[in-house]
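*Asks:* Have a look; sequence and predicted model below, questions after that.
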Amino acid sequence: MNLHEYQARDILRRHGIPMPDGAVASTAAEAQAIAARLGGAVVVKAQVHAGGRGKAGGVKLAKTAAEAGQVAGKILGMQIKGLTVEKVLVVPAADIASESYVGCIVDRASQRPVLMVSAAGGIDIEEVAAKTPEKIHRLPVDPRFGLLPHQALRLGFALYRDGAQARAAADIMQKLYAAVYAVGASLAEVNPLVTTPDGTVLALDAKIVVDDNELDRRPEIAALRDASSEAPSEVRAREAGLTFIKLDGSVGCCVNGAGLAMATMDLVKYYGGEPANFLDIGGSSNPQKVVNALTIITGDPSVKAILFNIFGGITRCDDVANGIVQATRAFPLKVPMVIRLTGTNEKEAMAILTAAGFTAGTDMDDAVKAAVAQAQGHAA
Amino acid sequence: MSVFIDAQTRLLVQGITGRDGSFHAKHMIAYGTKIVAGVTPGKGGQTFDGTVPVFNTVADAVTAARPTATVIYVPAALAASAIFEAADADIPLIVCITEGIPVLDMTKVMPYVREKGVRLVGPNCPGLISPGKSKVGIIPGNICTPGAIGVVSRSGTLTYEIIHQLTGRGFGQSSCVGIGGDPIIGTNFIDCLAAFEKDAETRAVVMIGEIGGTDEQQAAEFVKTKMTKPVVGFIAGQTAPPGRRMGHAGAIISGSSGTAAEKMQTFAACGISVMKRPADVVPLLQERL
């Protein structure tokens, strides 16, 4: 789950990381009031879950409070990468002497949190990693001991020659690491970490991505979710307990199991179609879950055919078949549906579905081909 | 022979009286797995299914019943603790079915598991099955048949789909190992490939990967340099958009890393026959065997 910059700043500031003052505004008037309170020049920053905000015109300097209001008025309501800006962060404009990068990411290869620092700050770290990887210093941390003071200081000296600044950076890194474990982050970064002309080390930006698996046990973090940045169908699916990702095609997919769901989407493409979504309905044959899935899939007007692909191991195929029949009686479909059920009790399942008038079979390739044909036929 | 589990495996079931634990324990018993004990804190002294003694703690169960493996059906909030408890009791094989364990918990579990010298499979996995011998987890026994193909996979039902293809065309399985869909797992592709290479019963291996991470790419290097047996591979998620978690916590393309295309290219470069779809598994095995 992504957090907005202003939410990440709040968390890092609570953990003691020095950063400029600032507040969030939803209207131009609010932005102007904040700028007036801060006094002096400010930066107005769009708060959206997208990179490249600056390039898109979502980050602007304003020399007076009035200008801040004007600038905020332009940025609010703007579209960045398809997302509408609903909030802006207003922070004092800082004089910057240098920019660095500090981040902590959970690295699956080493199975550890890894601290990364680079004197190439203010740029996309992926770009630095691709073009000048030697500029990034990486340190896997042993979570049994945490980030040790000498490790943090070594990284500090990789950024700054000055001892006081190296120590300040090291302190910030230890607090960043502590914040990662405190909120359940899979990524936490400060980019840029800056020095001002008087030598102070400050965080000028903050980004945190929270591990979805942490949300059940961290309701106060889960409450920070901004659903307005997600497709409404995905929000509804999450609320219904379904894993759903909207794509651009015309073949709606409903599958049990994430790997099989991905393989089904891939097979749709293999046979010349385009998947409309990824949906993992899990192991349940519960008709209500089927209704929820069908409602969400058919809510997308570009869906011209639905493909149901269920491998029933422990899940019984005849239970799933009955669930589908019940669900579609309560919620009649307007597009054709092809059903593939294989596994336990598949013969019984086929009989139930064929009697109810569905195209049903036990072969995955045949089902995908049929669904692709239906989607294209219907569109034609 | 088979890998990790066999007919001698003595199994503990952690969470045996819960909804999933009890359901799957009954299926494992019906398959022939020797379940020697169960653990549910607070239900010690009960008997499960008329035959299996239930204990309050893993330590009690180990003293009384000497299991050689354990399978964990415990909710995500408690599952990391269950793994710690099993490792603490020196159970050599720990299979964790649970999905949803926070990744940061796993950063703490893994050093402990390694220090204790025990093997963790999973989490977020369907477990293992050595057809005709033992089943630890939720892989349906009725789709498998004994044979010479080793199967290792990050998925659940996609694994069943491919096993189904193998069984239907006469390619029985020596062992099927579900390593799980999470980003930090106890047993990876190389661990399983190495075991299959050593296993006299296994003649070829099918590996089923997906987007995210670099485990398949590293495994491909291992196949090229350390394996003599043929390997056929599949990667799910060729059509997955970058940056999105495709169900499994580990199935996410990060930047440009971990794409299906990259993994499939690495497979091909390392001598692994690349399936474009599940139905390719048998024709490719026939070519290689």
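*Replies:* Arrived safely.

*Asks:* show me what contacts the residue nearest to A:S186 when sequence neighbours are not counted?
*Replies:* Spatial nearest neighbour of A:S186, chain neighbours left out: A:D211 (4.6 Å); criterion: CB to CB, 6 or more residues apart in numbering or on different chains. All C-beta atoms are positioned from the backbone trio N, CA, C, and that covers glycine. When contacts are counted by CB atoms under 8 Å, 6 or more residues apart in numbering or on different chains, A:D211 touches A:V106, A:G184, A:A185, A:S186, B:P102, B:V103, B:L104, B:A249.

*Asks:* Please apply the same query to B:F222.
*Replies:* B:F222 makes contact with B:F189, B:I190, B:L193, B:A194, according to CB under 8 Å, 6+ apart.

*Asks:* what's the distance between the helix or strand containing the last one and the middle of its chain?
*Replies:* What it means is B:A194. B:A194 belongs to helix B:189-198 when elements are defined using DSSP states H and E. Centroid displacement of helix B:189-198 relative to its chain, using CA atoms, centre = their mean, to the nearest Å, is 13 Å.

*Asks:* any idea whether A:G259 is helix, strand or coil?
*Replies:* Put simply, A:G259 is helix when judged by DSSP: H, G, I helix; E, B strand; the rest coil.

*Asks:* For B:V95, give the beta-bridge partners.
*Replies:* B:V71, B:V121 (DSSP bridges).

*Asks:* Then A:N277?
*Replies:* Using DSSP bridges, the bridge partners assigned to A:N277 are A:K246.

*Asks:* Could you check how far B:L284 is from A:D366?
*Replies:* Distance from B:L284 to A:D366, counting by CB to CB, to the nearest Å: 20 Å.

*Asks:* When these two are compared, which one has more neighbours?
*Replies:* Using other CB atoms under 10 Å in any protein chain shown, the more surrounded residue of B:L284 and A:D366 is B:L284, with 21 against 13.

*Asks:* pretty sure the more buried one contacts B:R277?
*Replies:* No. Between B:L284 and B:R277 there is no contact, the gap being 10.8 Å when judged by CB atoms under 8 Å.

*Asks:* thinking again about what came up before, max pairwise distance over the contacts of A:D211: which two?
*Replies:* Greatest spatial distance among the contacts of A:D211 (CB to CB): A:A185 and B:A249, at 14.1 Å.

*Asks:* A:F311 and A:N256 touch, don't they?
*Replies:* Yes. Using CB under 8 Å, A:F311 is in contact with A:N256, at 6.4 Å.

*Asks:* Name the nearest residue to the residue of the stretch 101-250 of chain A found nearest chain B, sequence neighbours excluded.
*Replies:* Here the stretch 101-250 of chain A gets closest to chain B at one residue, A:R108, 4.1 Å apart by CB to the nearest CB. Excluding the flanking residues, the one nearest A:R108 by CB to CB, 6+ apart is B:P183, at 4.1 Å.

*Asks:* follow-up on the earlier one: by contact count, what packs against the helix holding B:A194?
*Replies:* Using 3 or more CB pairs under 8 Å, 6 or more residues apart in numbering or on different chains; DSSP states H and E, the elements in contact with helix B:189-198 are strand B:146-153, strand B:173-178, strand B:204-210, helix B:215-226.

*Asks:* Give me the buried positions along the first one.
*Replies:* Residues of strand B:146-153 classed as buried under the neighbour-count rule (16 or more other CB atoms under 10 Å in any protein chain shown) are B:G147, B:A148, B:I149, B:G150, B:V151, B:V152, B:S153.

*Asks:* same thing with the last one?
*Replies:* Of the residues in helix B:215-226, those buried under the neighbour-count criterion (16+ other CB under 10 Å) are B:D215, B:E216, B:Q217, B:A219, B:A220, B:F222, B:V223.

*Asks:* closest to chain A among those residues?
*Replies:* Among these, B:D215 lies closest to chain A (CB to the nearest CB), at 8.0 Å.

*Asks:* Surely the closest one and B:I208 touch.
*Replies:* No. Contact criterion CB under 8 Å: B:D215 and B:I208 do not qualify, at 11.8 Å.

*Asks:* if we can go back for a sec, among the helices and strands packed on helix B:189-198, which comes closest to A:G122?
*Replies:* Minimum separation from A:G122 across these (CB to CB) falls at helix B:215-226, 31.3 Å.

*Asks:* For that closest one, what is the distance to the chain centroid?
*Replies:* Relative to its chain's centre, helix B:215-226 lies at 18 Å (CA atoms, centre = their mean).

*Asks:* and that helix with strand B:146-153, angle?
*Replies:* Orientation check (axes from the mean of the first three to the mean of the last three CA atoms, to 10 degrees): helix B:215-226 against strand B:146-153 gives 130 degrees.

*Asks:* could you give the mean pLDDT of the helix or strand that helix B:215-226 is followed by?
*Replies:* The C-terminal neighbour of helix B:215-226 among helices and strands, as given by DSSP H and E, is strand B:231-236. In this model, strand B:231-236 has an average pLDDT of 98.

*Asks:* and strand B:231-236, anywhere near chain A?
*Replies:* Yes. Legend: contact between strand B:231-236 and chain A by CB under 8 Å from any CB of the partner chain is shown at B:F234, B:A236.

*Asks:* That strand vs helix B:215-226, what angle?
*Replies:* Per the same axes, to 10 degrees, the angle that strand B:231-236 makes with helix B:215-226 is 170 degrees.

*Asks:* Would you mind getting the angle between strand B:231-236 and helix B:189-198?
*Replies:* Here strand B:231-236 points in a direction 150 degrees away from that of helix B:189-198 (the same axes, to 10 degrees).

*Asks:* Contacts for strand B:231-236 next, please.
*Replies:* Defining contact as CB under 8 Å, 6+ apart, one finds that strand B:231-236 is touched by A:259-260, A:262-263, A:266, B:155, B:158, B:162, B:193, B:204-211, B:216, B:220, B:223, B:251, B:260, B:263-264, B:267, B:271-275, B:277-278, B:280-281, B:284-285, B:288.

*Asks:* so what's residue 48 scoring on pLDDT?
*Replies:* If you meant another chain, say so; for now it's chain A. We note a pLDDT of 92 for A:V48 in this prediction.

*Asks:* looking at chain B here, not the other one
*Replies:* In the predicted model, B:F48 carries a pLDDT score of 97.
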